[in-house]
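Student: Next come a sequence and a model predicted from it.
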Amino acid sequence: MKKNYWYLIVGLFIIILVAVFAIGRSPREGQSDVANRETGEGLGNKEVQTQTYLASNTPSVKTGDKIIGNSQATLKIFVYEDYASRYSADLADTLDKVKAESGDKLAIVVRPYITRNSANALRLAQAIDCADEQGKWLEMRALLFSKAKNQQFISDDLVDDIAQLNLDNEVFSACLTNQDKSGTIEQSVAEAGTYGVMGAPTMFIGGEIIIGARPYDDFTDSNGDLISGLKSVVENKLSL
């Protein structure tokens, strides 16, 4: 009987040790953010938006990329974005501001990313490609992001957007149902996974991966750490 009590005491001691170890291993310094990335959730959270990591693999410019600026620019920002996401829309505004200040030294390469909780993302990414066939992908991107920020309804056939941008309705509609187009987008998203992209928006800048909609200005995070805003990040990379 005493022996059984001894086993019970030892077992309880082991359980307590495991519990203490688990608490000590609770998510810190971005670990919880990585979990959020894996589930496709939490990208609106400020702590997630501020995370920066060294990238083990980074994208490079390829044929068909949509580039804002000169493809030969000194610094290129690769941004994976969701056209149904307000956070991607906010980041687009910040990138436009930084690009205007950096001139020809900076180029922005935009690529779509389809997140698990964004049912419309694939269709809207295809709408960007279809508008590109008529030379208006930038206009379509701006229009979709404007609607995302204002939580405006977007019809399945995007008929209102086609009219607003003066696109050829028949050509655009045929493109929007082209499975080869959607297949190409899905391949691009799969490729993004090889770079460690797990959510949108995600940026690559000079060998670093930045998760979420990094603000323009420097700020202090919830841990009291000073985080460089996108303006400072770009200036530092251009000064190297």
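Tutor: Received the coordinates, thanks.
Student: What are the boundaries of the strands in the protein?
Tutor: 52-54, 66-68, 75-81, 106-112, 202-205, 208-211, 219-220, 226-227 (DSSP state E).
Student: low pLDDT regions in the protein?
Tutor: 1-50, 117-119 (pLDDT under 70).
Student: let's go with 50 and repeat that
Tutor: Filtered on pLDDT under 50, the chain yields the residue ranges 1-3, 10, 17-49.
Student: one step back: could you save the strands of the chain as a markdown table and add columns showing mean neighbour count?
Tutor: Yep, even glycine has a C-beta here, placed from its N, CA and C like the rest. Shown next, in a markdown table, are those (neighbours: other Cβ atoms under 10 Å):
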| stretch | mean neighbour count |
| --- | --- |
| strand 52-54 | 13 |
| strand 66-68 | 16 |
| strand 75-81 | 23 |
| strand 106-112 | 22 |
| strand 202-205 | 23 |
| strand 208-211 | 21 |
| strand 219-220 | 12 |
| strand 226-227 | 14 |
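Student: would you list these in TSV and tack on distance to Leu124?
Tutor: Putting the strands of the chain into TSV (distance: least, Cβ to Cβ, whole Å) gives the following:
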stretch	distance to Leu124
strand 52-54	27
strand 66-68	14
strand 75-81	10
strand 106-112	8
strand 202-205	17
strand 208-211	21
strand 219-220	30
strand 226-227	30
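Student: The residue most central in space within the chain: what's it in contact with?
Tutor: For the chain, the residue sitting closest to the mean C-alpha position, by Cα atoms, centre = their mean, is Pro201 at 1.6 Å. If you count contacts by Cβ atoms under 8 Å, 6 or more residues apart in numbering, Pro201 has them with Leu43, Val79, Tyr80, Glu81, Asp82, Ser85, Tyr87, Ser88, Leu91, Tyr113, Gly212, Ala213.
Student: Correct me if wrong: the fifth one contacts Ala200.
Tutor: Spelled out, that is Asp82. Yes - Asp82 is in contact with Ala200 according to Cβ atoms under 8 Å; the separation is 3.9 Å.
Student: any shared contact partners between those two?
Tutor: Counting by Cβ under 8 Å, 6+ apart, the residues touching both Asp82 and Ala200 are Ser88, Tyr113, Thr115, Ser118, Ala121.
Student: What is the neighbour count of the first one?
Tutor: For Ser88, the count of nearby residues is 30 (other Cβ atoms under 10 Å).
Student: Now it. Nearest residue, chain neighbours left out?
Tutor: Closest residue to Ser88 in three dimensions, ignoring its sequence neighbours and counting by Cβ to Cβ, 6 or more residues apart in numbering: Glu81, at 4.0 Å.
Student: Run a quick neighbour tally on Arg141.
Tutor: Number of residues near Arg141 (other Cβ under 10 Å) recorded here: 25.
Student: ok, it - contacts?
Tutor: So Arg141 contacts Tyr83, Ala92, Val110, Ile128, Ala131 (Cβ under 8 Å, 6+ apart).
Student: Include distance to Ala190 when you put the residues you listed into JSON lines, please.
Tutor: As requested, the contacts of Arg141 are exported to JSON lines (distance: Cβ to Cβ, whole Å):
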{"residue": "Tyr83", "distance to Ala190": "18"}
{"residue": "Ala92", "distance to Ala190": "23"}
{"residue": "Val110", "distance to Ala190": "18"}
{"residue": "Ile128", "distance to Ala190": "18"}
{"residue": "Ala131", "distance to Ala190": "23"}
